[in-house]
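J.: here is my input, please return the structure:
(2 chains)
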Amino acid sequence: MDVIAILQELAKGRPPPVGEVPGPLLDVLASLEARRGRVSTLSSIERVLTTVRHKQPDRVPVTPILNAGARHIAGVSFPEYSTSPEKAADVFCAGLDFVGGDIAVILLDLSVEAADFGQEIVYPEDSTARPNYLNPKIRSVDDYAKVRPVSVFDGGRMHRFVRLCGIMADRCGWRKLVSGFVFAPLGVLSMMRGAENLFKDCLTHPREVMRACEAVTETLVEFVELQCDAGVGGIAIDTLYASRSALPKDVWERIEGPFAREIARAIRKKGRMVGIHNCGHAPYFDAQCRSMDPLLMSYAHVPDDCADFREMKRRYGHMTFIGHVPTPLLVSGTPHEVMEECRRQIEMLGRDGGYILAPGCEYPPNISIVNAIAMVRAAEEYS
Amino acid sequence: MNHAGKQVVENLAAAVHKRDANLVASALEEAADAGMNRMDVVDALAGGLDRARRDLGDRNASVPEFLLAVDVMRAGLRSLDGLFGPAGNTPGHGTVVIGVARGDVHDLGKNIVASVMEACGYRVVDLGRDVPPDDFVRAVREHGAFCVAISSMMSTPLAAVRETVGRLARETPGVRVILGGAALDERLSRDMGADGWCENVVGVPEAMTRLGKGMRERVFVDYDNRVRVVEREVEEKPKS
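T.: Numbers count the residues shown, from 1 in each chain, chains lettered A, B, ... in the order given. Here you go, the predicted structure:
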């Protein structure tokens, strides 16, 4: 237990790092909150911490991962959202204030890290930032050797992202849990090479890919450490390609597994919670657990080694699940249909904690926010 | 086709299936020496890719392995002119226009689907990614396509997908539209007015066949319930 780290966070008006508090003490606190939750309403942070200790909170925690979807509320454009930490913080806070939710998942887009490695990024008016794939930084297999670690302090997108995390941690204080985000090294490389080429390179030139992963990971470790120092309570690692939609399991585990482990270790060392974000089909929970030993697992689909979500709960119930309202339903469904789907999921997974209601991926940013409100209302009504 | 010819066909298919470009090159020379006609060679190469597609559906192969098989097949197709002469007017199943919707640049799924359509005998006009509705409409008219396949991996371009489907319905009546990509599902595709939806490449051949016959189509792989491929005809839609 790092008492100084705990006191430092308390002095800043923020909750202490969960990992710095001994597990038995957390269990006692969670049990007390669970009892209190039967007769009164818990705060968002109490609710989430009770859930991750697998005790029954007053209701299932919820996060619609609204993110860029809230920019209309704050009157912020996509490019401003992507480039200004202050404007992005306004968007995240507007979403939390107007729609609700227990966690702020600070995810801007998937090109934050790649931008600082020299990938040209475009900032469309009608969508989140993305790489210019017509001008990839890695044009051939030989270019992997040219990837070098970069400093997060150079004022690039990662630096601004860290500032955003700090602003959000300060604004949320004890109100909401703030989660950081990092795209794992293969994801970063795919932004610089294109997914199709990267996938093939993983089979045909794994050593070159791994060498680049090593350089990228050195930077990502610094990136997550700075997010932790900025005050986030946990960080979601996006190992997007650990899924049957992408790489074979053994290939993922060999190439990215060791680097993902390093990033997770850095987060844990700071006392923060390690989460994993998945949105591919048939994700490799077993391999991800071996590599990162996460506390929280976000998902959109059943893992490759489970027949259904009930089996997922049985096999991987030691983690807290975050999911899995389908994003196409959020686009085309009525609020009533969304609430029904939420009710179904809460009944299936919400018993005895260990479950946070969320979409399978970020809330679609260009649609009405009414279904985000439906999700929050469902968590309040059906728990 | 005699026994030797059948063996050459098998060699070609096996070479693509094994993702071995050298084997394809030597099998193509065998085919040329045996006097095989170009269409039989194309069918043999496509047969190899179809085996790879089935492996993908049966979970015996991964996406990158399939991509490498596509590369090998395309390398084989590129070398045909030198060995068998120019293609000329070859019979096919029709022309498909394919592209990623305006606002989206993720073309991995689109590329895979396009290669399978090619292997199935369709002439594929690939418009690439970030394609505006105008370009889809223009390409259909220019190439006389019977079908348009639109992909969207992100939710942000869904308005563009809807606009494209609507424009195609109004301005190119009779053309079938099939949608795919992570941002879409069967219901959303139907709501947008599409004739079909395909979750991934495994069900593409069947979906295309039925679309060509003028039927609304649903093809998907339900990973959540461990159902590999489920196909269901929704309703008849006569071609105008």
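J.: pLDDT score assigned to residue 163?
T.: No chain specified, so I'll use chain A. Confidence at A:R163, expressed as pLDDT, is 97.
J.: actually chain B
T.: 94.
J.: go on, B:R74?
T.: 87.
J.: same question for B:M215.
T.: 50.
J.: what does A:V3 give?
T.: For A:V3, the predicted pLDDT is 82.
J.: with A:K270 instead?
T.: Reading off the model, A:K270 has pLDDT 95.
J.: then the one 3 residues further on?
T.: According to the prediction, A:M273 has pLDDT 96.
J.: ok, now A:H318?
T.: Here, the pLDDT recorded for A:H318 equals 95.
J.: what's it sitting at in phi/psi?
T.: In terms of degrees, to the nearest 10, the main-chain angles of A:H318 are phi -70, psi -20.
J.: ditto for A:V48
T.: phi -70, psi -40.
J.: pretty sure A:I45 is touching A:G234, no?
T.: No. A:I45 is not in contact with A:G234 according to CB atoms under 8 Å; the separation is 11.7 Å. Placement of C-beta: from N, CA and C, glycine included.
J.: joint contacts of these two?
T.: A:L177 (CB atoms under 8 Å, 6 or more residues apart in numbering or on different chains).
J.: look at these two and report which has more neighbours.
T.: Taking neighbours as other CB atoms under 10 Å in any protein chain shown, A:I45 and A:G234 compare with A:G234 leading, 26 against 23.
J.: who touches that one in this structure?
T.: A:V18, A:L177, A:S179, A:G180, A:I267, A:R272, A:M273, A:V274, A:G275, A:L295, A:L296 are the contacts of A:G234 under CB under 8 Å, 6+ apart.
J.: for beta bridges, what are the partners of it?
T.: A:S179, A:M273 (DSSP bridges).
J.: and it, how far from chain B?
T.: Using CB to the nearest CB, to the nearest Å, A:G234 is found at 25 Å from chain B.
J.: over to A:D250?
T.: 10 Å.
J.: what about that residue, neighbour count?
T.: A:D250 - counted by other CB under 10 Å - has 12 other residues nearby.
J.: check which helix or strand covers it.
T.: A:D250 belongs to helix A:249-255 when assigned by DSSP states H and E.
J.: circling back to that earlier point, neighbour-wise, which one of the contacts of A:G234 leads?
T.: For those, neighbours tallied by other CB under 10 Å; top is A:G180, 30 neighbours.
J.: point to the residue nearest the middle of chain B.
T.: Central residue of chain B (CA atoms, centre = their mean): B:M117, 2.2 Å from the mean position.
J.: from chain B, which residue is nearest to chain A?
T.: The nearest approach of chain B to chain A comes at B:S155, 3.3 Å away (CB to the nearest CB).
J.: contacts only, for that residue.
T.: Counting by CB under 8 Å, 6+ apart, B:S155 has contacts A:T327, A:V331, A:P364, A:P365, A:N366, A:I367, B:A183.
J.: what residues are up against the closest residue to A:F98 other than its chain neighbours?
T.: With CB to CB, 6 or more residues apart in numbering or on different chains as the criterion, A:F98 has its nearest non-adjacent residue at 5.1 Å, and that residue is A:I73. Applying CB under 8 Å, 6+ apart, we find A:I73 in contact with A:V91, A:A94, A:G95, A:F98, A:I369.
J.: cutoff 7 Å now
T.: A:A94, A:G95, A:F98 (CB atoms under 7 Å, 6 or more residues apart in numbering or on different chains).
J.: could you do A:P85 as well?
T.: A:R160, A:R163, A:L164, A:I167.
J.: of those, which is the nearest to A:G360?
T.: A:L164 (23.8 Å; CB to CB).
J.: take the contacts of A:P85 and keep only those in helices.
T.: Per DSSP state H, helices hold the following members of these: A:R160, A:R163, A:L164, A:I167.
J.: do I have it right that the third one meets A:E86?
T.: No. Counting by CB atoms under 7 Å, no contact exists between A:L164 and A:E86, whose distance comes to 8.3 Å.
J.: hey, which helix is longest across the chain?
T.: Using chain A here. What stands out as the longest helix in chain A, according to DSSP H, is helix A:206-230.
J.: right idea, wrong chain: chain B
T.: helix B:38-57.
J.: how about low-confidence regions in the stretch 151-300 of chain A?
T.: Across the stretch 151-300 of chain A, nothing is flagged by pLDDT under 70.
J.: show me what from it comes close to chain B.
T.: A:A195, A:E196, A:F199, A:K200, A:C202, A:L203, A:S245, A:A246, A:L247, A:P248, A:H281, A:A282 (CB under 7 Å from any CB of the partner chain).
J.: show me what the mean pLDDT comes to for the longest helix of chain B.
T.: Mean predicted confidence for helix B:38-57 is 89.
J.: helices and strands around that helix, which ones?
T.: For helix B:38-57, the elements it packs on are helix B:3-17, helix B:63-78, helix B:80-84, helix B:108-119, judged by 3 or more CB pairs under 7 Å, 6 or more residues apart in numbering or on different chains; DSSP states H and E.
J.: give me that answer again for 10 Å
T.: In terms of contacts (3 or more CB pairs under 10 Å, 6 or more residues apart in numbering or on different chains; DSSP states H and E), helix B:38-57 is packed against helix B:3-17, helix B:21-33, helix B:63-78, helix B:80-84, helix B:108-119, helix B:204-212.
J.: the fourth one - what's its average pLDDT?
T.: Averaged over helix B:80-84, pLDDT sits at 84.
J.: likewise the second one?
T.: Across helix B:21-33, pLDDT averages out at 93.
J.: what do you get for stretch B:132-140?
T.: 96.
J.: quick one, what contacts the closest residue to B:R74 other than its chain neighbours?
T.: Leaving aside its sequence neighbours, B:R74 sits nearest to B:S115 (CB to CB, 6+ apart; 7.1 Å). Contact partners of B:S115, counting by CB atoms under 10 Å, 6 or more residues apart in numbering or on different chains, are B:46, B:49, B:52-53, B:66-67, B:69-71, B:73-74, B:124, B:126, B:201, B:204.
J.: can you pull the buried residues of stretch B:60-77?
T.: B:61-74, B:76-77 (16 or more other CB atoms under 10 Å in any protein chain shown).
J.: coming back round to it: looking at A:L164 and A:E86, which one has more neighbours?
T.: Neighbour totals were compared for A:L164 and A:E86, and A:L164 leads with 25 against 12 (other CB under 10 Å).
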